[in-house]
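Novice: generate coordinates for the sequence data below:
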Amino acid sequence: MTAGSRRAVRGATCVAILLACTLMAGPSPLGLGEGQLAPGPRGAVDPAGLGLTLREPDPLATAPEPLATRLALGPQGRDVRLSGELTDGAAERLARLLDDHGSVERIHLTSEGGLVEEGAAIGALIARHGLVTYVPDYCVSACTLAFVRGRERLVLAEARLGFHAPYEIGPFGVEIAADSAPERAAYLAAGVEADFVDAALKVRPDDLMIPETTTLVRAGVATGIVGADRFPDSTLDGVDGPDGARSVLLRSFPLLRPVEAQAPWIVDRIAGHYRALYGEGASEAEAGDSLRRLASRTVLAGLSRAEPEALVALGTYLAQAMDKAAAGQPGACAAIGAEGNLFLARRVLGEGGDAGARSIMTRALAGTAPIASGRNEAGPRGQALPPAAACGDLRRAYDAALGLPLQAAAEALRGLVFGTAPPPALEATAHP
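Specialist: Numbers count the residues shown, from 1 in each chain. Model prediction:
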């Protein structure tokens with residue numbers, strides 16, 4: 001990660017363990033699919049009783065070679081996306097980018113840390129340009145030195161910031177504890193509470209303290225928690241091309257895997273739509289909603305000619321999700337009923353809905369013809385959804401359909417979910 005006497009807050013080694021085991025395998029990007037924050041690889045402790053979580057990494061894990069920090073200008077030139085480890089020259093490259101683009105207002109930080117000097121220098125640039133700092137996913141170690149210099153310091157509720165003491169690389173690659181006075185001064189100057197700073201800098205370099213976002217605000221690390229509709233989506237920051245987007249999509253939507261097995265080009269087209277939304281600057285919430293509808297339509301195309309038993313299982317599953325959503329999320333209830341949105345239904349039902357959704361997919365696709373490429377007449381983005389008031393009427397319609405004999409129930413549900421009789425050939429689409 002570094003050489004000689006350059007100071008670092010552990011980046012690559014820590015993140016090879018921590019992010020792979022805790023963050024990267026945790027919540028799905030965009031809150032799209034079924035991922036949940038995984039517990040740390042070891043037990044959690046709470047230094048100083050501040051509600052802080054310390055995750056201890058696995059000493060058997062190995063560190064990858066660091067790649068150069070990735071910097072990219074976001075849509076309309078208002079955002080800079082920074083991702084990856086903070087390596088030599090990152091601050092100099094950021095300075096050139098900011099000098100060339102005076103309209104930049106925010107910097108999105110998704111980094112495992114790295115060199116302290118680079119984190120501090122990036123922080124100085126952020127302060128000089130009056131930028132807002134934003135963490136949509138994770139900002140660990142030296143990255144936090146940059147984050148706290150923002151004019152505003154904003155995080156998503158699910159974001160993770162990680163803290164620990166700095167170290168130096170001595171002779172023969174030996175890690176030596178470093179004087180943390182510069183880091184202490186930087187955090188305190190940014191308005192972070194002294195008790196929090198003391199707790200963070202007591203953490204060994206091979207450990208990591210990950211506070212809850214509410215704790216970050218109380219301690220003055222962050223100034224606010226924002227929703228996923230606030231800023232342009234950052235879920236593909238640092239992801240390379242179509243293959244990277246496809247990988248993220250399948251991790252977020254495991255229910256697309258059976259579709260991929262039959263028709264991989266359809267998943268490629270959805271991934272292309274994902275990249276287009278990202279490039280246009282759609283918010284994470286907007287991109288998530290659009291992709292959920294598009295993925296759901298693709299799955300429904302595979303269900304449209306399913307056997308009656310599978311259709312009744314689908315209708316029962318959707319009705320259960322509508323019941324759960326009706327009280328607090330009437331809009332979601334109406335969308336589930338009107339669109340047959342299996343992904344939204346699974347999201348409402350939570351982890352308890354996983355087995356049911358996967359069972360429906362397995363049963364439905366087992367006996368269908370191969371999925372063919374086709375085109376929906378209306379795209380998922382900007383589509384008008386039924387009013388929340390429609391929830392009750394839709395739910396009663398599902399009850400009426402499910403109360404019929406099997407064949408009649410299947411036909412009634414086909415009309416409710418697909419809005420039409422089954423097509424002569426099974427089609428699916430990923431056209432936006």
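
Novice: return the per-residue confidence for Ala124.
Specialist: Note on Ala124: pLDDT of 96.

Novice: tell me how far it lies from Glu183.
Specialist: 14 Å (C-beta to C-beta, to the nearest Å). Just so you know, the C-beta spots here come from the backbone N, C-alpha and C atoms, and that holds for glycine as well.

Novice: and these two? which has more neighbours close in?
Specialist: More neighbours surround Glu183 than the other of Ala124 and Glu183, with 25 against 16 (other C-beta atoms under 10 Å).

Novice: list the contacts of the more buried one.
Specialist: 9, 116, 145, 165-166, 201 (C-beta atoms under 8 Å, 6 or more residues apart in numbering).

Novice: please report which of those residues has the highest neighbour count.
Specialist: Val9 (30 neighbours).

Novice: per-residue pLDDT of that one, please?
Specialist: 50.

Novice: now do the one 10 residues further on
Specialist: For Leu19, the model assigns a pLDDT of 44.

Novice: pretty sure His101 is touching Arg78, no?
Specialist: No - counting by C-beta atoms under 8 Å, His101 does not reach Arg78; the two are 9.1 Å apart.

Novice: neighbour count winner among those two?
Specialist: Each of His101 and Arg78 has its neighbours counted (other C-beta under 10 Å); Arg78 has more, 15 against 12.

Novice: any idea how far the more buried one lies from Asp100?
Specialist: For Arg78, the distance to Asp100 - C-beta to C-beta - is 14 Å.

Novice: repeat for Gln329
Specialist: In this view, Gln329 and Asp100 are 45 Å apart by C-beta to C-beta.

Novice: please identify which of the two sits among more neighbours.
Specialist: Gln329 (19 against 10).

Novice: residues contacting the residue nearest to the more buried one when sequence neighbours are not counted?
Specialist: Nearest-residue entry for Gln329: Val348, 6.8 Å, with adjacent residues in sequence omitted and distances by C-beta to C-beta, 6 or more residues apart in numbering. Taking C-beta under 8 Å, 6+ apart as the criterion, Val348 is in contact with 321, 324-325, 329, 332, 336.

Novice: mind running it again at 7 Å?
Specialist: Contact analysis of Val348 by C-beta atoms under 7 Å, 6 or more residues apart in numbering lists 321, 324-325, 329, 332.

Novice: can I get those residues in CSV with distance to Leu413, secondary structure and pLDDT?
Specialist: CSV is the format used below for those (distance: C-beta to C-beta, whole Å; DSSP: H, G, I helix; E, B strand; the rest coil; pLDDT from 0 to 100):
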residue, distance to Leu413, secondary structure, pLDDT
Ala321, 14, helix, 93
Lys324, 19, helix, 92
Ala325, 18, helix, 92
Gln329, 22, coil, 88
Ala332, 19, helix, 88
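
Novice: just give me the closest of the residues you listed to Cys391.
Specialist: Cys391 lies nearest to Ala325 out of these, by C-beta to C-beta, at 7.6 Å.

Novice: in three-state terms, label the residue nearest to that closest one when sequence neighbours are not counted for me.
Specialist: Nearest non-adjacent residue to Ala325, counting by C-beta to C-beta, 6+ apart: Cys333, 3.9 Å away. Secondary structure, DSSP: H, G, I helix; E, B strand; the rest coil: Cys333 is helix.

Novice: for Cys333, report the pLDDT, please.
Specialist: 91.

Novice: then Phe231?
Specialist: Here, the pLDDT recorded for Phe231 equals 92.

Novice: dump the residue contacts of it.
Specialist: Applying C-beta under 7 Å, 6+ apart, the residues near Phe231 are 106, 134, 283.

Novice: nearest to Pro264 among the contacts of Glu183?
Specialist: If you rank the contacts of Glu183 by distance to Pro264 using C-beta to C-beta, Val9 comes first, at 41.2 Å.

Novice: before we move on, back to that, give me the average confidence score over whichever strand or helix holds the residue nearest to Gln329.
Specialist: Per DSSP states H and E, Val348 falls inside helix 342-349. For helix 342-349, mean pLDDT rounds to 86.

Novice: then stretch 287-298?
Specialist: So the average pLDDT for stretch 287-298 ends up being 84.

Novice: can you check stretch 86-100 too?
Specialist: 96.

Novice: show residues contacting it.
Specialist: 11, 66, 68-69, 71, 73, 80, 104, 111, 113-115, 118-119, 121-122, 125, 129, 142-143.

Novice: repeat that for stretch 68-78.
Specialist: 80-87, 90, 93-94, 97, 101, 103-106, 232, 238, 279-281.

Novice: just the buried members of those?
Specialist: 80-87, 90, 93-94, 97, 104, 106, 232, 238, 281 (16 or more other C-beta atoms under 10 Å).

Novice: can you flag which of these belong to strands?
Specialist: 80-83, 106 (DSSP state E).

Novice: pLDDT and distance to Asp399 added to these, as JSON lines?
Specialist: What follows is those, written out as JSON lines (pLDDT from 0 to 100; distance: C-beta to C-beta, whole Å):
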{"residue": "Val80", "pLDDT": "96", "distance to Asp399": "52"}
{"residue": "Arg81", "pLDDT": "95", "distance to Asp399": "47"}
{"residue": "Leu82", "pLDDT": "96", "distance to Asp399": "51"}
{"residue": "Ser83", "pLDDT": "94", "distance to Asp399": "48"}
{"residue": "Arg106", "pLDDT": "96", "distance to Asp399": "48"}
